[in-house]
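Undergrad: no letters, just coordinates:
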């Protein structure tokens, strides 16, 4: 099928979008195309996700139940674990993990395996788009050779390839997938034209760039910017604390400047699927060109030390109460990496768990969004641990409480009344008057 015919299918809302990976990126993307009137088909190796989608059962809390119910009842939406149905889609979008391995180098196994699967069912005229964050060159240096070798088809002639990075911010009430501009880079002008036309049906704005590697670099740049600036305020927090200065008050005051300053806030470390990982994709790729990414690596060093800083502050807080860390009962509030979501990927809370356990503390957690720790790639030992109940009798029994994630639904005034040793990493206790100098510690 020629390009003009494919563009006409998009205009007629007959262009079927296939999405591989129905998680925090793929599921909202499926919903967005569905809302735009395009038929969608989702693929995932997790049968439970597929079954829940078919039955309208939510499995990502912040997305709500209404969306799932509408998708389950729609005749324009399907979901399957059978990847032989990939040839039923006009476009195939890959939304799969791109983690780091134990050597902090890119783990491209999910992209490689998924691309290999796509290649087995690739058909002429099909559009393949990678949405996963990765190093510049992945689409053309890694994916296209796999697609061409296994299918016998030629990219740019028989099928189209593009890259468009996801920009999800789970739980953000102001920006959903449809409202976030979409950067698009294509392998050739026709691929760019086709991918842009498809995204134009559902996204507020598309931003075409020269090629795939430019789009790949754009996503890395966005998250490197955040990583470096978060590292800066984390470092300032440690320095100002030693001077008896409240870093949050400083940042609030600096934030009143209407130009030349962008406010970032410190915390217990980095979390989520992007900022702790993505910068190191560029660091790794830069070595190929004999370049040293000093800012990126320094930011990584600062951010990865923050959980230990939290532990050090907790020790000081316990010492003020004449208690040792070894044997103390410590409650950590917040397992999610950010407020008001159930997303615990790369959460710094896990590192805090590990460090507390290492020094002999008895660790529990409370998170209204995550009642039980589900299996993860890096923290299997915590699988099955359950959130405590939130009441005075239980919370007051802990020797210390660390606020790792500042969920908005938690009553921090109530917490102040229930416990006498609170370590606040998120400025959640702002406005709460401490009982004495031993009550609330900033970390």
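TA: Cool, the structure landed. Keep in mind that what you see is a predicted model, and the values were worked out from it rather than measured.

Undergrad: what is the helix or strand containing residue 30 packed up against?
TA: Counting by DSSP states H and E, the element that carries residue 30 is helix 26-35. Under the contact definition 3 or more Cβ pairs under 8 Å, 6 or more residues apart in numbering; DSSP states H and E, helix 26-35 sits against strand 17-20, strand 40-43, helix 65-73. All C-beta spots, glycine's among them, are computed from the backbone N, C-alpha and C.

Undergrad: the same query, at a cut-off of 10 Å, please.
TA: On a contact count with 3 or more Cβ pairs under 10 Å, 6 or more residues apart in numbering; DSSP states H and E, helix 26-35 meets strand 17-20, strand 40-43, helix 47-55, helix 65-73, strand 77-80, strand 91-94, helix 189-200.

Undergrad: what are the buried residues along stretch 179-186?
TA: 180, 182, 183, 184, 185, 186 (16 or more other Cβ atoms under 10 Å).

Undergrad: show me which pair in those residues is furthest apart.
TA: Farthest-apart pair in the buried residues of stretch 179-186 is 180 and 186; separation 19.4 Å (Cβ to Cβ).

Undergrad: spatially nearest residue to the most centrally placed residue in the chain, not counting backbone neighbours?
TA: By Cα atoms, centre = their mean, the mean C-alpha position of the chain lies nearest to residue 273, the distance being 3.2 Å. The shortest distance from residue 273 to any non-neighbouring residue, by Cβ to Cβ, 6 or more residues apart in numbering, is to residue 345 (4.7 Å).

Undergrad: quick one: contacts for that neighbour?
TA: Going by Cβ atoms under 10 Å, 6 or more residues apart in numbering, residue 345 touches 23-24, 97, 99, 170, 271-274, 276-277, 336-337, 376-378.

Undergrad: mind giving me the ChimeraX command for buried ones among those?
TA: In ChimeraX, this line selects whichever of these come out buried by 16+ other Cβ under 10 Å:
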select :23,24,97,99,170,271,272,273,274,276,277,336,337
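
Undergrad: nearest to residue 60, of the contacts of residue 345?
TA: The closest of these, once distances to residue 60 are taken by Cβ to Cβ, is residue 24, at 6.3 Å.

Undergrad: got the phi/psi numbers for residue 402?
TA: Backbone geometry at residue 402, expressed as degrees, to the nearest 10, gives phi -100, psi 120.

Undergrad: what about it, neighbour count?
TA: 28 (other Cβ atoms under 10 Å).

Undergrad: what segments of the stretch 251-400 of the chain are helices?
TA: For the stretch 251-400 of the chain, the helices defined by DSSP state H, counting those that start in this stretch cover 279-287, 294-304, 306-320, 348-358, 392-395.

Undergrad: now tabulate the ones you listed in a markdown table and tack on mean pLDDT.
TA: Formatted as a markdown table, these follow (pLDDT from 0 to 100):
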| stretch | mean pLDDT |
| --- | --- |
| helix 279-287 | 90 |
| helix 294-304 | 92 |
| helix 306-320 | 97 |
| helix 348-358 | 96 |
| helix 392-395 | 97 |
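
Undergrad: and of those helices, who's closest to residue 106?
TA: Short answer: helix 279-287, nearest of those by Cβ to Cβ, at 5.4 Å.

Undergrad: got the buried residues for the closest one?
TA: 279, 280, 281, 282, 283, 284, 285.

Undergrad: ok so, going back, quick check, nearest of the contacts of residue 345 to residue 312?
TA: Using Cβ to Cβ, these come closest to residue 312 at residue 271, 19.6 Å.

Undergrad: and for the closest one, nearest residue in space, chain neighbours not counted?
TA: Closest to residue 271 by Cβ to Cβ, 6+ apart is residue 337, at 2.6 Å.
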